[in-house]
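Student: next comes the sequence, and after it the predicted model I'd like to discuss.
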Amino acid sequence: MVFNSFTFLLFFIVVFCCYIILPQKWQNKLLLTFSYFFYAVWDYRFCTLLLTTTLVDYTVGLLLARSEQHRKVLLLCSICFNLIILGFFKYFGFFEKGFIGLMSFLGVNVNPLAIHIVLPVVDSYSPLPENQLKISQTSTSREKTLTNKNETT
């Protein structure tokens, strides 16, 4: 499904109408479900990758909201996890070609790996670590507000 197609326009209208009709409690679940559907239409094999990154980042977000001690470590782990996945999909071909070129220059015949990797759009523009930081900041703000209220009473 391409963004400038009639099919996408219909898809967008259906999602938008469902979003408006649903109570706020269900709106994010609807968007998540239709996001998975949208990526599955493009290439269903990337849904596993999308699900994995979603689960890792959601779990880290929950832990950030509850943890006082390990917030920086959790955020760093999540960011590293996402950067490793992004780096693999984005730069594997580049490093593979460079390695094969270097080996052929040195006279070593190397057969290239038969892996053709496409960068999924989801990883190229993933805002999940940014959202975790917002969750972390919001959680801290709420705790300060609760502390201030308890001190005044």
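Tutor: Nice, thanks for sending it over.

Student: what stretches of this protein score poorly on pLDDT?
Tutor: Along the chain, segments meeting pLDDT under 70 span 113-153.

Student: list the buried ones in stretch 83-91?
Tutor: Across stretch 83-91, burial judged by 16 or more other Cβ atoms under 10 Å covers 85-86, 89. Every C-beta, even on glycine, is put in place using the N, C-alpha and C of the backbone.

Student: residue 108: which of those is nearest?
Tutor: Closest approach between the buried residues of stretch 83-91 and residue 108, by Cβ to Cβ: residue 89, at 26.9 Å.

Student: now find how far off-centre the top helix by length along the chain is within its chain.
Tutor: Taking DSSP state H as the criterion, the chain has its longest helix at helix 71-105. Helix 71-105 sits 16 Å away from the centroid of its parent chain (Cα atoms, centre = their mean, to the nearest Å).

Student: with stretch 8-18 instead?
Tutor: Relative to the chain's own centre, stretch 8-18 is displaced by 22 Å; criterion: Cα atoms, centre = their mean.

Student: same check on stretch 63-71?
Tutor: 20 Å.

Student: next, the buried residues of it.
Tutor: 63-65, 71.

Student: export these to TSV and tack on distance to residue 44 and secondary structure?
Tutor: Formatted as TSV, those follow (distance: Cβ to Cβ, whole Å; DSSP: H, G, I helix; E, B strand; the rest coil):
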residue	distance to residue 44	secondary structure
63	30	helix
64	31	helix
65	32	helix
71	36	helix
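
Student: which two in these are spaced the farthest apart?
Tutor: Spanning the widest gap among the buried residues of stretch 63-71 are 65 and 71, at 9.5 Å by Cβ to Cβ.

Student: can you tell me the closest non-neighbouring residue to residue 35?
Tutor: Nearest residue to residue 35, sequence neighbours excluded (Cβ to Cβ, 6 or more residues apart in numbering): residue 50, at 7.9 Å.
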